[in-house]
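*Asks:* A structural model of the following input is requested.
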Amino acid sequence: MTADEVVARLRSGMTIGIGGWGSRRKPMTLVRALLRSEITDLTVISCGGPDVGLLAAAGRIRRLVAAFVTLDSIPLEPHFRAARESGGLALTELDEAMFLWGLHAAANRLPFLPARAGLGSGVMRAFPGLRTVRSPYDDGEEFVAVPALRMDAALVHVNRADRLGNGQYLGPDPYFDDLFCRAADTAYVSCEQCVPTAALTADAAPQTLLIQRQYVTGVVEAPNGAHFTSCAPDYARDEAFQRLYASTPWPAFAGRFLAGGEGAYQAAVRAWHEEGK
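*Replies:* Modelled structure (predicted):
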């Protein structure tokens with residue numbers, strides 16, 4: 001598929017999960033395609049980075065469910081912060097372990113999973129809708145009933161994939177991308193390179209096959225598709241461009257870099273780097 005074909009299957013009001021972690025291996029080509037659409041009123045579930053910042057700045061997010069929103073080398077995503085401080089979106093902020101357990105519950109089609117994370121913390125006060133459950137066994141221990149983080153669609157980015165939807169990561173961390181795909185009704189995987197199935201394990205271990213094809217709806221070949229986040233080992237985060245993004249008012253950034261399609265974006269980034277040399 002193309003990125004625009006993926007977005008054509010999405011609708012306003014959906015719950016969208018976005019894989020990656022902070023400013024690492026985010027499906028930015030798919031996020032930029034989403035920004036080119038008229039889709040809005042989204043509930044976004046993400047270990048947030050610039051995916052959240054871009055969508056928040058554009059006013060596309062109604063509610064965010066996240067454990068954090070960071071650019072890693074820049075601790076707090078500034079465009080998310082501006083949207084949150086102005087009341088532009090609602091926020092459900094979960095402990096990281098609660099977030100993980102919510103993904104596991106959704107991936108296994110359970111309404112919730114019990115967790116100790118969150119007990120005695122401000123999370124329970126901030127979100128009074130959270131419930132606790134007591135163990136039915138002799139221990140009688142109380143747990144947080146972490147609700148399943150179900151999604152209409154998930155968007156993730158990996159290093160390589162085949163046309164069937166098998167997705168492979170080659171970097172140091174799988175993040176939660178496999179859980180995002182399993183927790184969603186539909187899942188779309190962008191990749192740096194689409195290769196024949198046999199090539200996935202020709203020079204890499206089978207356990208790098210993170211995403212299984214039965215959970216994937218479509219595959220998009222998107223070289224440099226995580227820019228400006230990292231996609232190790234293919235490329236590091238574009239720190240200079242990230243600093244530009246973080247320090248530029250949204251209208252100016254969008255006008256220069258997001259006015260056209262993906263090819264126009266990549267060309268604008270190259271031109272900006274050339275100007276700085």
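
*Asks:* What ranges in this structure fall below the confidence cut-off?
*Replies:* Low-confidence regions of the chain, defined by pLDDT under 70, span residues 277.

*Asks:* Give me the contact list for whichever helix in it runs longest.
*Replies:* Ranked by residue count, the top helix of the chain under DSSP state H comes out as helix 262-276. The contact list for helix 262-276 (C-beta atoms under 8 Å, 6 or more residues apart in numbering) reads 3, 29, 32-33, 222, 224, 227-228, 238, 240-241, 244, 256-258, 260. No exception for glycine: its C-beta is placed from N, CA and C like everyone else's.

*Asks:* Recalculate using a threshold of 6 Å.
*Replies:* Residues outside helix 262-276 that contact it (C-beta atoms under 6 Å, 6 or more residues apart in numbering): T29, F257.

*Asks:* for stretch 48-68, same thing?
*Replies:* Applying C-beta under 6 Å, 6+ apart, the contact partners of stretch 48-68 are 18, 22-23, 26, 31, 35, 40-46, 69, 77, 79-80, 83, 89-92, 94, 96, 99, 250.

*Asks:* now swap in stretch 104-123 and tell me
*Replies:* 95, 97-98, 101, 124, 133, 143-150, 179, 182-183.

*Asks:* about what we covered before: so which of the contacts of stretch 48-68 sit within strands?
*Replies:* I18, L42, T43, V44, I45, S46, A90, L91, T92 (DSSP state E).

*Asks:* Find the nearest non-adjacent residue to the first one, please.
*Replies:* Going back to what we said before, that points to I18. Excluding the flanking residues, the one nearest I18 by C-beta to C-beta, 6 or more residues apart in numbering is S46, at 4.3 Å.

*Asks:* which residues touch the one you found?
*Replies:* Neighbours of S46 in contact, by C-beta under 6 Å, 6+ apart: I18, V52, A66.

*Asks:* partner residues bridging the first one?
*Replies:* To tie it back to what came earlier, the one meant is I18. Per DSSP bridges, the residues bridged to I18 are S46, L155.

*Asks:* what's the distance between it and G118?
*Replies:* Applying C-beta to C-beta, to the nearest Å, the value for I18 to G118 is 23 Å.

*Asks:* Compare the two (neighbour count), which wins?
*Replies:* I18 (28 against 21; other C-beta atoms under 10 Å).

*Asks:* Against G276, how distant is that one?
*Replies:* Here the distance between I18 and G276 works out to 29 Å (C-beta to C-beta).

*Asks:* With L164 instead?
*Replies:* 41 Å.

*Asks:* same question, A97
*Replies:* Taking C-beta to C-beta, one finds A97 at 41 Å from G276.

*Asks:* swap in A56?
*Replies:* 27 Å.
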